[in-house]
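J.: Generate coordinates for the sequence data below:
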Amino acid sequence: MAPRETIIARLGRGSWSPLRGGDIAQAWRLDRDDGTRCFVKHLADAPDGFFAAEAAGLAFLAEPRAIAIPEVLDVADEPGAGFIALEWIEPGNSSATTDEELGRSLAQLHLSHPGSFGGDGSPAFLGSVPVDGTVAAGWPELWAEHRLRPLARLALDGGHLDAGVAARVEAVADRADSLAGPPEPPARVHGDLWSGNLLVDTHGRPWLIDPSAHGGHRETDLAMMRLFGGFSARCFAAYEEVHPLADGWEERVALHQLVPMLVHVILFGSAYRASLDSLLARLGA
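T.: Reported below is the predicted structural model:
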């Protein structure tokens, strides 16, 4: 059975409208014959557990009811026909209060502390790149041993980095304890919070999608938001009103941006190598 037919057997028949914007998977709006509408995402060569990890991440973020998260309607990781179906969020435009609502809601999400850093041992991904989803003793261990070192090795083995740049990443990992800043409890983080993973509905309400959710450091989300832009100063100011950042956070932005930049090098190649080099230089590597 073709992948589309396999998905139809689960979701029902209807009209499929392709959507733009995703870098990795195909996406559609499905207007079902029963009159309901949903969002469907499919990746033919999805790694094992890929869509289950997304569904679990959305549930993890939705648990404290701090910020709007789409409901998962169905999910399957069948080889060649893996997909996730979400409630449809009708797209709209930002209102006068959208940015402030996002900042305050994100702060409340981060104040909802999971029990530990890392995950529960289930498969985990950043984009489509597998990452270690096990529990870590603290954030420096999570960042250095579960993210930086494995991703540097993956990039080196895949020919995306030369040995010299990989060694510079390893050198930053060696200094994770001294670079991490004041200890903080684990925060419930989105993990891949760029502007493409933010939806705004017809009421101007912000919604988060496509997470790499885990128990992490809240500065990771805020640094990712600054990596490619798209978030206003009003959003960050509203966040600070609810959950002020620790002193020295500006110096730690490059540290938190290093992992997503490594993932971009692995996924998209040489276009991001200069940016990676710049981050490493800012970190003294």
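J.: Could you list the low-pLDDT ranges of this protein?
T.: For the chain, the stretches with pLDDT under 70 are 1-4, 21-23.
J.: looking at it, Ile84 is touching Glu54, isn't it?
T.: Yes. Shown here, Ile84 and Glu54 form a contact pair, counting by CB atoms under 8 Å, at 5.5 Å. Every C-beta, even on glycine, is put in place using the N, C-alpha and C of the backbone.
J.: what about these two, which has more around it?
T.: More neighbours surround Ile84 than the other of Ile84 and Glu54, with 28 against 23 (other CB atoms under 10 Å).
J.: where's that one relative to Val263, distance?
T.: Plainly put, Ile84 is 20 Å away from Val263 if you go by CB to CB, to the nearest Å.
J.: other SSEs contacting whichever strand or helix holds Leu154?
T.: Using DSSP states H and E, Leu154 maps to helix 149-157. Where contact means 3 or more CB pairs under 8 Å, 6 or more residues apart in numbering; DSSP states H and E, helix 149-157 is packed against strand 129-131, helix 163-174, helix 249-268.
J.: ok, residues contacting it?
T.: Outside helix 149-157, the residues that touch it by CB atoms under 8 Å, 6 or more residues apart in numbering are 129, 131-132, 161-163, 166, 169-170, 173, 259, 262-263, 265-266.
J.: mind redoing it with 6 Å?
T.: Residues outside helix 149-157 that contact it (CB atoms under 6 Å, 6 or more residues apart in numbering): 161, 166, 169, 173, 262, 265-266.
J.: ok, and the closest non-adjacent residue to Leu11?
T.: Among residues not flanking Leu11 along the chain, Ala85 sits closest, at 5.8 Å (CB to CB, 6 or more residues apart in numbering).
J.: swap in Tyr239?
T.: Gly103 (3.9 Å).
J.: same question, Ala137
T.: Spatial nearest neighbour of Ala137, excluding adjacent residues (CB to CB, 6+ apart): Phe117 at 7.4 Å.
J.: wouldn't that neighbour be in contact with Arg188 here?
T.: No. Contact criterion CB atoms under 6 Å: Phe117 and Arg188 do not qualify, at 11.3 Å.
J.: shared neighbours of those two, anything?
T.: Common neighbours of Phe117 and Arg188 (CB under 6 Å, 6+ apart) do not exist.
J.: where exactly do the strands run in the stretch 51-200 of the chain?
T.: Here the stretch 51-200 of the chain has its strands, by DSSP state E, counting those that start in this stretch, at 72-76, 83-87, 117-118, 124-126, 129-131, 135-136, 187-189, 198-200.
J.: Let me have these in JSON lines, extended by distance to Arg37.
T.: Formatted as JSON lines, these follow (distance: least, CB to CB, whole Å):
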{"stretch": "strand 72-76", "distance to Arg37": "11"}
{"stretch": "strand 83-87", "distance to Arg37": "9"}
{"stretch": "strand 117-118", "distance to Arg37": "36"}
{"stretch": "strand 124-126", "distance to Arg37": "27"}
{"stretch": "strand 129-131", "distance to Arg37": "31"}
{"stretch": "strand 135-136", "distance to Arg37": "38"}
{"stretch": "strand 187-189", "distance to Arg37": "29"}
{"stretch": "strand 198-200", "distance to Arg37": "14"}
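J.: Any idea which of the ones you listed gets closest to Leu111?
T.: strand 187-189 (7.6 Å; CB to CB).
J.: Buried residues, the closest one. List them.
T.: Of all the residues in strand 187-189, those buried under the rule 16 or more other CB atoms under 10 Å are 187-189.
J.: One more: stretch 242-262?
T.: 243, 245, 249, 252-262.
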